[in-house]
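**Student:** I'd like to go over a predicted model; first the sequence, then the structure.
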Amino acid sequence: MTASAVELRSISKRFGAVQANRGVSLRVARGSVHGIVGENGAGKSTLMSILYGFYPADAGEILVDGRPVQLGGTHDAITQGIGMVHQHFMLVDRFTVLENIVLGAEQGFVLRGSLARARAELQRLADEFGLAVDPDARVRDLPVGVLQRVEILKALFRGARILILDEPTGVLTPQEADALFRVLAALKARGVTVLLITHKLKEIRAITDRVTVMRAGEVVAERDTAQTTEAELAELMVGRKVRLDAAPRTGQRGEARLQAEALTWHDAQGVPRLQEVSLALHAGEIVGVAGVSGNGQSELLALLAGLARPQLGRIRLGARDGTWHEMSARHAPGPRELRAMGVAHVPEDRHRLGLVLGFAAWESALLGYDDDAAVHTGPFIRRGAARAQCRQMMEEFDVRPRDELLGSSKFSGGNQQKLILAREFRRAPRVLLIGQPTRGVDIGAIEFIHRRIVALRDAGCAVLLVSTELDEILALADRIVVMCGGRITGTLPRDGADEQRIGCLMGQAATA
Amino acid sequence: MKNVPVALPRWIDVALLPVLNVLLALAAAGVVVWAIGQSPLAAVKLLLEGAFGNAISWSYTLYYTTNFIFTGLAVAVAFQGGHFNIGAEGQATLGGLGVGLVLLALDRWLPPPLLLPLALLGGIAAGVAWAWVPAWLQAWRGSHIVITTIMFNFLASALMVWLLVNVLKVPGNQTVESRAFAAGAALPSARTMFDALGIEWPDTPLNLGFVLALLAAAGVWLLLWHTRLGHALRAVGLAPDAARYAGISPQRMTLISLSISGGLAALAGANEIAGVHHKLLLDFMAGAGFTGIAVALMGRNHPLGIVLAALLFGALAQGGSELVFEMPAFTRDMSVAVQGFVVLFCGALSLLLRSPVARAYALFSRRRDG
């Protein structure tokens, strides 16, 4: 076996009552790409934070190139040649690429010399690894795929020979992800060791040499990538067999429930975010909206959910009694009225919109539904009844822990999402708007959430599913709409849609 | 990243830490006393006797406490709604003005049982209006409420000067104040109320306002945690986007929370004008609106905490002035400095002791487990 670049021996870390890592041991061969997979809360990020010097481990040993090291902070990690690319980029928007790369690694009081040296070094790195980036471009003007390169360059500039990437493809198109993998292959070819944290098993297959599976803070398995399958890895992660492909629609789609006609919306800066978007939602059908995040999907959801008014075009909503309600620039019912008309909305950003993180779970479960006759008497909230209702929701949607007094922020991503679903599904909505239903949710919960969405469709609900996960769209949607640059660039039926075709539509403005 | 917030048992956060912070503030004040060559222990003894030694000192302490409860609640309600109301001083001043104007206008015509509720309503209306304008500017024009409420404090003060000098001053009188209200046109004093119960009580500024303050605290507690309005108000304060998602208008809620805040502050003005001075005069709030910020901060924006913090500040105000009287080397400024230490250690540095306490607690509980 080749020499190891990094070796972790029996690392343990505890946060309060939570044992985040328990006796984790890991060897990463030099010049290899090593994947770490696991559900949310499995301890992957904690382990990497320990390796990057963010937290001290409670117990255990870290060896870099076979020598034990003490990492008292990220500075020590950088000195040891360890670099990290975070899930959320740590770049200064208004600085140029060059300024960002030098930031924190300036030599001397006057910046000019450092910048000149950095420029030369950057050129060398770009040539060596195929990481071309314009050093004078402002970071805020660059697309995410390029920002990621900047982050990688930043780490390499600091002399990183061991690179940790935390969920690097979450914000990329399939094509951008492929480009990233080519960069990683180039890094590997030049002896850089890559640690890849991900929950996407496809990526593990595509790029890694070895893979470590973590569950509940422990390493449960380590495999050569060539000798394992996605199914096996998924099972190891969750601890049981999982099925993620949902059943297609069996019944016929029903009447139109919601129609968007030529919706156009510009943001406060006058940038067009939605341009002439038209689509119809029918009872008993899931329409999937695919696209790289930031291409108008969020704005579409906001307009349909009554959070903003369209500036041009209109939305027509079919009510129970057969009449149509219209939402346009002049007149639009707000979220409260829409809920009363049977429109449920599971927002993309559950932390910012779906929950009040400072609220107890039962208070969050009341958001938007405090007009329920069961939970209030006049202006007063019947706290007992509201708590009981929340407990019942938790029971029905298997929210854990079943503690309605626990703070909304204390639940894991999957359980927060299940709580929101429970709240929004409770009144048997006629139309469901759902954004990124499984972002940051572990596999076991994904399976559960998918089943619930399908069940709601089968009960006759019209569902609009916005997701940046193509797999999710392909698994759930009966019809697929692809958005790019605020426009719909294509509509595909479920059969006949494949990753390649959707990827092309995602990456380009409307051509046809 | 090193100081990961640890979940501590509630009693440490809400009881132990505030007490330790107060002790730390007193220790710092003790160093000042020692530095001027006086005995810190004697000073503490004088302070405590001055605040709680007998019925008179208790009475004064509670009178100060009354103002601080009202202004502390005012700041807290705005804060729970996501806004930092620096304008309690001005809103209280306007509240006093509203009370005073109603009393001046009607004290010869209406009997007290009718007149007083009307005066209180007048005061509340004035305080609400004074908070409403900055709230509206914040909600619909984006003018930062911290700036506008500060400006409204100055406006309130200028308005009082103009009104008293040009309109309300009794001709021929040298002092800048209105005529006294008719006898009986006042909030009943503690002495009057205790008399009715057959208990002897000294004549002090303490009045019915204290009872109103406790009722207001209970009311705020009910509002914030037991009503749909309170739920919506706190949702906006904690997560305006989530509130909008739920169909709550953050703009509307800004107007509502600031109006409630202004109304509560106004009652502090009522306590002064209708309960103590029985006439309109200048600068009658004497900074109680600003102390309310410290009270709310220390009371963690919870009514119970605010009542306790108000009592502490009331005791410091009353005990401090006794101390100044009894210990000549200890000047007025030093008494202010002691309050400053309390604000510093309980407010600005309130987390100073948290991590050592957390470490001690972790050590202790590990030993107990193991």
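**Tutor:** Sure thing, it's come through.
**Student:** could you list the low-pLDDT ranges of chain A?
**Tutor:** Residues of chain A meeting the criterion pLDDT under 70: A:1-2, A:16-17, A:171, A:241-250, A:508-512.
**Student:** smallest gap between it and chain B, at which residue?
**Tutor:** Nearest to chain B, among the residues of chain A, is A:Arg336, at 3.1 Å (C-beta to the nearest C-beta). The C-beta positions use only the backbone N, C-alpha and C, and glycine is treated the same way.
**Student:** residue 102: how many residues sit nearby?
**Tutor:** Just so you know, I chose chain A. By the criterion of other C-beta atoms under 10 Å in any protein chain shown, A:Val102 has 22 neighbours.
**Student:** correction: the question concerned chain B.
**Tutor:** Neighbourhood size, B:Val102 [other C-beta under 10 Å]: 25.
**Student:** what are the phi and psi angles of it?
**Tutor:** Note on B:Val102: backbone dihedrals following degrees, to the nearest 10 are phi -60, psi -40.
**Student:** roughly how far apart are it and B:Gly96?
**Tutor:** B:Val102 sits 11 Å away from B:Gly96, going by C-beta to C-beta, to the nearest Å.
**Student:** re the thing from before, residues contacting the residue of chain A closest to chain B?
**Tutor:** By C-beta atoms under 8 Å, 6 or more residues apart in numbering or on different chains, the contact list for A:Arg336 reads A:Gly368, A:Asp371, B:Ala246, B:Gly247.
**Student:** quick one: buried ones out of those residues?
**Tutor:** Burial by neighbour count, 16 or more other C-beta atoms under 10 Å in any protein chain shown: within the contacts of A:Arg336 this picks out A:Gly368, B:Ala246, B:Gly247.
**Student:** for the last one, which non-adjacent residue is spatially closest?
**Tutor:** In space, not counting the residues next to it along the chain, B:Gly247 is nearest to A:Arg336; the distance is 3.1 Å by C-beta to C-beta, 6 or more residues apart in numbering or on different chains.
**Student:** right, and the helix or strand after whatever helix or strand that neighbour lives in?
**Tutor:** Using DSSP states H and E, the element containing A:Arg336 is helix A:335-340. Counting by DSSP H and E, the next helix or strand C-terminal to helix A:335-340 is strand A:343-346.
**Student:** ok, that next one: who's next to it in the sheet?
**Tutor:** Using DSSP bridges, the strands paired with strand A:343-346 are strand A:431-435 (parallel).
**Student:** C-terminal to the partner strand, what's the next element?
**Tutor:** helix A:443-458.
**Student:** before we move on, the earlier item: ok, of the contacts of A:Arg336, which one's closest to A:Glu396?
**Tutor:** A:Gly368 (18.0 Å; C-beta to C-beta).
**Student:** so that closest one sits right up against B:Tyr245, yeah?
**Tutor:** Yes. Assessed by C-beta atoms under 8 Å, A:Gly368 is found in contact with B:Tyr245 at 7.1 Å.
**Student:** list residues touching both of the two?
**Tutor:** Going by C-beta under 8 Å, 6+ apart, residues that sit against A:Gly368 and also against B:Tyr245 are A:Pro335.
**Student:** list residues touching both of B:Val102 and B:Gly96?
**Tutor:** B:Gly123.
**Student:** if we can go back for a sec, any idea how far the residue of chain A closest to chain B lies from B:Ser249?
**Tutor:** Distance, A:Arg336 to B:Ser249, by C-beta to C-beta: 10 Å.
**Student:** now do the shared contacts for those two.
**Tutor:** With C-beta under 8 Å, 6+ apart applied, the contact sets of A:Arg336 and B:Ser249 do not overlap.
**Student:** quick check: next helix or strand after the helix or strand hosting B:Leu17?
**Tutor:** Secondary structure assigned from DSSP H and E places B:Leu17 in helix B:17-35. Downstream of helix B:17-35, the next assigned helix or strand under DSSP H and E is helix B:40-52.
**Student:** could you name the helices and strands sitting against that next one?
**Tutor:** Using 3 or more C-beta pairs under 8 Å, 6 or more residues apart in numbering or on different chains; DSSP states H and E, the elements in contact with helix B:40-52 are helix B:17-35, helix B:55-80, helix B:303-326.
**Student:** output those helices in CSV; the columns should cover distance to B:Trp109.
**Tutor:** Listed next are those as CSV, based on distance: least, C-beta to C-beta, whole Å:
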stretch, distance to B:Trp109
helix B:17-35, 49
helix B:55-80, 28
helix B:303-326, 36
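**Student:** most packed of these?
**Tutor:** Comparing the helices and strands packed on helix B:40-52 by mean neighbour count (mean count of other C-beta atoms under 10 Å in any protein chain shown), helix B:55-80 comes out on top with a mean of 27.
**Student:** average pLDDT across that one?
**Tutor:** On average, the pLDDT along helix B:55-80 is 96.
**Student:** same deal with stretch B:311-321?
**Tutor:** pLDDT averaged over stretch B:311-321 gives 93.
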